[in-house]
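Q: Fold the following.
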Amino acid sequence: MREYNVAILGATGAVGTRMIDQLEKSSIPVKNVKFLASSRSAGKVLQFKGQDVVVEETTPEVFDDVDIVLASAGGAASKKFLPEAVKRGAVAVDNTSAFRMDSEVPLVVPEVNEQAIYDHKGIIANPNCSTIQMVVALQPIKEVAGLKQVIVSTYQAGSGAGQMAIKELDNEAQQHLDGKPMTAEIFPVKGEKKHYPLAFNLLPQIDVFEEDGSTHEEWKMVHETKKIMSGDMNSDEIKVNATCVRVPVVIGHGESVFFEVEDPSKLDTKKVQELIKNGKGLVLQDDPANQIYPQPIDAEGHTETFVGRVREDPENPGSYNMWVVADNLLKGAAANTVQIAEKLVEHDLVHVPDEYYGK
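A: Just a heads-up that it's a prediction; the model follows:
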């Protein structure tokens, strides 16, 4: 059996540490592992399967003997280093936004479009966390009745903005409980001019604003959904509209999803519930009479996507609502990334094609 040298780029971050855990649990036969980060984190010692691994500073040369790269160190680092890794023979799965909309790079959620990995040119992109859980929930419905339209409102956890954002949320909560002014330096967007507290608050801004008034997070949900489910980021096959809100939850995104199907005769509420119950990577939690429905606090630490509150829209025949929850750092990031790598190994696709990315 072939064994693989695996590198995790951004190993010390909120997603990177979870990638380590997911890699330990994965089916990938790992020969050697490298943990990579910036010069600030180089020298730290992390664990992999009970063994100490010293974090190395990321340079092009560290990829010389690497087969698979799992990356979550920010878009700038991915753009700088992943083409270098591919030139040296590695296949990279990137959790940042750096390559998601690149027409040469597959954007993959294994439960939805696993076949797209066959078209890789050395880099495969992991979608946005909020997009992943939604398309996983919608895929079994699309397969049976088609999809005409999706309208989603998200309730996204603070951890989606990174490790420092988690600390800021914790600090703000304590400041508020102590009767002190809350200090905000990251939310809603670190690079913006104004910052607002997230603790005990809601922020209807994730990422920067586009010219049309939507945020870039909302733009990503629209165009990533189209690319994953229809193969084209600008496809008019499915209409998608998103409103993304940051909420004072540490881990776990919630989404209120309205969808309209092409063939209403194929569905009713019980059929949708059945499709969810039997769907790949899905768990149905839908018993309103006993107040059973998905909650972020219960989804934390799990790799599945949880769905409940399934109901038909009486005002719009052929349309339904559902509530979708997942751990944004696992299924929304680390777990999906490792899952893609597992599929690459399973299908013997850990090799760079002749026409590799950036050649």
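Q: Now do the strands in the chain.
A: Secondary structure of the chain by DSSP state E: the strands cover 4-9, 30-37, 45-48, 51-54, 56-57, 68-71, 91-94, 123-125, 149-156, 239-246, 253-260, 282-284, 305-312, 319-326.
Q: Dump those strands into JSON lines; add mean pLDDT and mean neighbour count as well.
A: All C-beta spots, glycine's among them, are computed from the backbone N, C-alpha and C. Formatted as JSON lines, the strands of the chain follow (pLDDT from 0 to 100; neighbours: other CB atoms under 10 Å):
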{"stretch": "strand 4-9", "mean pLDDT": "98", "mean neighbour count": "25"}
{"stretch": "strand 30-37", "mean pLDDT": "98", "mean neighbour count": "20"}
{"stretch": "strand 45-48", "mean pLDDT": "97", "mean neighbour count": "15"}
{"stretch": "strand 51-54", "mean pLDDT": "96", "mean neighbour count": "11"}
{"stretch": "strand 56-57", "mean pLDDT": "97", "mean neighbour count": "16"}
{"stretch": "strand 68-71", "mean pLDDT": "98", "mean neighbour count": "28"}
{"stretch": "strand 91-94", "mean pLDDT": "98", "mean neighbour count": "28"}
{"stretch": "strand 123-125", "mean pLDDT": "98", "mean neighbour count": "27"}
{"stretch": "strand 149-156", "mean pLDDT": "98", "mean neighbour count": "20"}
{"stretch": "strand 239-246", "mean pLDDT": "98", "mean neighbour count": "20"}
{"stretch": "strand 253-260", "mean pLDDT": "98", "mean neighbour count": "22"}
{"stretch": "strand 282-284", "mean pLDDT": "98", "mean neighbour count": "20"}
{"stretch": "strand 305-312", "mean pLDDT": "98", "mean neighbour count": "22"}
{"stretch": "strand 319-326", "mean pLDDT": "98", "mean neighbour count": "24"}
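Q: In JSON lines: the ones you listed, plus distance to residue 297.
A: JSON lines is the format used below for these (distance: least, CB to CB, whole Å):
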{"stretch": "strand 4-9", "distance to residue 297": "28"}
{"stretch": "strand 30-37", "distance to residue 297": "30"}
{"stretch": "strand 45-48", "distance to residue 297": "27"}
{"stretch": "strand 51-54", "distance to residue 297": "32"}
{"stretch": "strand 56-57", "distance to residue 297": "36"}
{"stretch": "strand 68-71", "distance to residue 297": "27"}
{"stretch": "strand 91-94", "distance to residue 297": "29"}
{"stretch": "strand 123-125", "distance to residue 297": "30"}
{"stretch": "strand 149-156", "distance to residue 297": "13"}
{"stretch": "strand 239-246", "distance to residue 297": "17"}
{"stretch": "strand 253-260", "distance to residue 297": "11"}
{"stretch": "strand 282-284", "distance to residue 297": "15"}
{"stretch": "strand 305-312", "distance to residue 297": "11"}
{"stretch": "strand 319-326", "distance to residue 297": "10"}
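Q: among those strands, which is nearest residue 102?
A: Residue 102 lies closest, by CB to CB, to one member of the strands of the chain: strand 123-125, at 7.4 Å.
Q: Of all the strands of the chain, which one is nearest residue 203?
A: With respect to residue 203, and counting by CB to CB, the nearest of the strands of the chain is strand 239-246 at 4.3 Å.
Q: Run through the neighbouring helices and strands of that closest one.
A: The contact analysis (3 or more CB pairs under 8 Å, 6 or more residues apart in numbering; DSSP states H and E) places strand 239-246 against strand 149-156, helix 216-230.
Q: quick one, what contacts the residue located most distally from the centre of the chain?
A: Each residue of the chain has a distance to the centre, and by CA atoms, centre = their mean the biggest one is for residue 179: 35.8 Å. For residue 179, the contact set (CB atoms under 8 Å, 6 or more residues apart in numbering) is empty.
Q: With adjacent residues omitted, what lies nearest to residue 199?
A: Residue nearest to residue 199 in three dimensions, not counting chain neighbours: residue 172, with 3.6 Å by CB to CB, 6 or more residues apart in numbering.
Q: Count the neighbours of the one you found for me.
A: Neighbour count of residue 172, defined by other CB atoms under 10 Å: 25.
Q: That one reaches residue 186, doesn't it?
A: No: Residue 172 is beyond contact range of residue 186, at 10.0 Å (criterion: CB atoms under 8 Å).
Q: Mind listing what's buried along the longest helix along the chain?
A: Ranked by residue count and defined by DSSP state H, the top helix of the chain is helix 129-145. Using 16 or more other CB atoms under 10 Å as the test for burial, helix 129-145 gives 129-142, 145.
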